[in-house]
Structures are given as structure tokens and as C-alpha cells.
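> return a 3D structure for these sequence lines:
(one chain, ligands or ions: 1)
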Amino acid sequence: MSEVLFKVLIIGDPTVGKTSFVQRYVNNSYRRDYKMTIGVDFALKVIKWSDNQNIKLQLWDIAGQERFTSMTRVYYKDAHACIVMFDLTQRTTFQNVVKWKKDLDTKCTLKDGSFVPCLLLANKCDLSNRDVEQGEIEEMCKEHDFVGWTETSVKENLMIEESMRFLIEEMMTKHAVMDAFSDSYGSSVPAGGRINLAANNNALTQQTRCSC
Ligand SMILES: Nc1nc2c(ncn2[C@@H]2O[C@H](COP(=O)(O)OP(=O)(O)OP(=O)(O)O)[C@@H](O)[C@H]2O)c(=O)[nH]1
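Numbers count the residues shown, from 1 in each chain. You can find the predicted model right below:
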């Protein structure tokens, strides 16, 4: 049985739902009350990816409050992938997506020098008072080089598992390509070969449209 460890960052403005996302994904739990993250929280999830492949996910839930952002360079170090999250009902959190993506891209790259694969999540799609249109999210995704986007509801458990599966496939592909000839990742390519990124992006976006 081979095992690969991936470090995944979750960033975005305060109260968009980052901690809730991690709790939902790791423990399938949800809390209505808000408890501000101080600095960074960690969670670990082990996934049986195939008969002979385990994936260990180290999730870094990074505080959105401005006063903690001076530490982000340290938190981002050696990350394999990232989620930038915003709240569909709070337009400023969408506008600040650019700031978070730039912060990441200027402070952290993969070991081949390329940008860290980054997924854009539009959370709280269970609420009716939306403040951001899907066309704008699509634009943001293209213009700022996200690997994909989807609407999510942590509260209603919509697109949480699917988002993470998509990101894991991105990481598996990226790292299998980068380390094709090294022992550590060479044996980690899932049977059946590599996924088609364009096809997966579409799938993720289309599923969203009918689920929320
Ligand atoms: N309606 C709704 N509320 C949500 C959803 N996800 C999270 N919340 C609520 O939003 C509030 C903030 O969630 P958190 O997960 O603590 O936000 P955060 O992004 O980690 O915030 P910081 O720790 O300040 O960075 C909480 O009251 C959650 O219950 C969602 O999908 N829908």
C-alpha cells in the first residue's frame, strides 16, 4: 500500500465558511455559531483512493481576519493545492478573492515553479440573498487562473465531497507529472492514467448549476 501526503490550504475572508467546510468534510458536522479562527487550524483526513493507494490530506484552515495575514507566507510553505472561498451573499468577499489569490501566487509555488492549483468555492448557496452572479464567477475563474469553481453549501452539504475529489485529482495529476520518474510519486499514479482537466472543470461547473 503506498501513501501520499498532500497539504491543502483553505483561504478567504472572515466568516465565508472555511472552518465549517473543513469540519463538514472531515467529521460531517456543522455548527451554526461562529467561532473565529486564530492563526491557523489543522485537520487530517486519510482517504482510501484505490486498492493500493492511500491519500493523507493535511487541511490548513487559515484565519481570514486581516490581523493574521502577516503569517501567510509561513502557512503557505510546501502547499500542494489551495481552496479560495467566498460568500455568495457578501460581495466584498468575492472582490477580495483576487487579493487572496495574489497573496498565494506571490508567496508560494510548486517545486517546478508553477502556481499552486487553486479551486474557487462560492459558499452559502443555500441562502436566497445572493450578491454575485455566476457569469462573474466564471470570469474570475478564467482571469485569475483557477483550476475550476463551484457553488457550495456547507450547511446543506452540497458539493463538498465533489470539490475535494476534484482537487485531489488535480494534485495527483500535477504531482505524478512532476515526479514521473521519482520513487515517491512514480508509484502513485492511479490506474487508468491521468484525468482530463478541461473535462473535469466543465463537469464541476455543470453539476453546480443544478444542485443549488
Ligand atoms: N447559511 C450558511 N451558513 C454557513 C455556511 N457555511 C458556513 N456558514 C456559517 O457562517 C459562519 C462563519 O463560518 P466559519 O466556518 O466559522 O467561517 P470562517 O471562514 O472559518 O471564518 P474565520 O475563522 O473568521 O476565517 C458560521 O456561523 C457558519 O455556521 C453555508 O453553507 N450556509
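
> so what's the residue count around residue 17?
Residues near residue 17, counting by other Cβ atoms under 10 Å, number 25. Where C-beta positions appear, they are placed from N, C-alpha and C, glycine not excepted.

> can I assume it is in contact with residue 126?
No - counting by Cβ atoms under 8 Å, residue 17 stays clear of residue 126, with 10.8 Å between them.

> low-confidence stretches in this protein?
In the predicted model of the chain, residues 178-212 satisfy pLDDT under 70.

> which positions in it make contact with the ligand?
14-20, 31-34, 36-37, 63-65, 123-124, 126-127, 153-155 (Cβ under 6 Å from any ligand atom).

> tell me which residues of the longest helix seen in the chain come out buried.
Assignment by DSSP state H gives helix 160-178 as the longest helix of the chain. Neighbour counts over helix 160-178 (16 or more other Cβ atoms under 10 Å) mark 160, 162-164, 166-176 as buried.

> next one: stretch 91-102
93-94, 96-97, 100-101.

> could you export these as JSON lines, including secondary structure?
Below are the buried residues of stretch 91-102 laid out as JSON lines (DSSP: H, G, I helix; E, B strand; the rest coil):
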{"residue": "93", "secondary structure": "helix"}
{"residue": "94", "secondary structure": "helix"}
{"residue": "96", "secondary structure": "coil"}
{"residue": "97", "secondary structure": "helix"}
{"residue": "100", "secondary structure": "helix"}
{"residue": "101", "secondary structure": "helix"}
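
> tell me which of the residues you listed is nearest to residue 134?
residue 94 (11.7 Å; Cβ to Cβ).

> from residue 140, how far out is that closest one?
Distance, residue 94 to residue 140, by Cβ to Cβ, to the nearest Å: 7 Å.

> the buried residues of stretch 91-102: which two are farthest apart?
Pairwise over these, using Cβ to Cβ, the maximum falls at 93 and 101, 13.1 Å.

> tell me how far stretch 16-26 lies from the chain's centre.
11 Å (Cα atoms, centre = their mean, to the nearest Å).

> and the residue nearest the centre of this structure?
With distances taken as Cα atoms, centre = their mean, the chain has residue 83 as the residue nearest its mean C-alpha position (2.6 Å).

> got phi/psi on that one?
According to degrees, to the nearest 10, the main-chain angles of residue 83 amount to phi -110, psi 130.

> this protein: strands as residue ranges?
Secondary structure of the chain (DSSP state E): strands at 2-12, 40-50, 53-62, 81-87, 118-123, 148-151.

> end to end on stretch 112-129, go ahead and measure it.
Terminal residues of stretch 112-129 are spaced 42 Å apart (Cα to Cα, to the nearest Å).

> hang on, isn't residue 124 packed against residue 153?
Yes - using Cβ under 8 Å, residue 124 and residue 153 qualify as a contacting pair, with a distance of 6.4 Å.

> give me the more crowded residue out of these two.
residue 124 (25 against 22).

> what sits against the more buried one?
16-17, 87-89, 153-155 (Cβ atoms under 8 Å, 6 or more residues apart in numbering).

> just these now: which is nearest residue 111?
Nearest member of those to residue 111, counting by Cβ to Cβ, is residue 16, at 29.3 Å.

> list the contacts for that closest one?
64, 85-87, 90, 93, 123-124.
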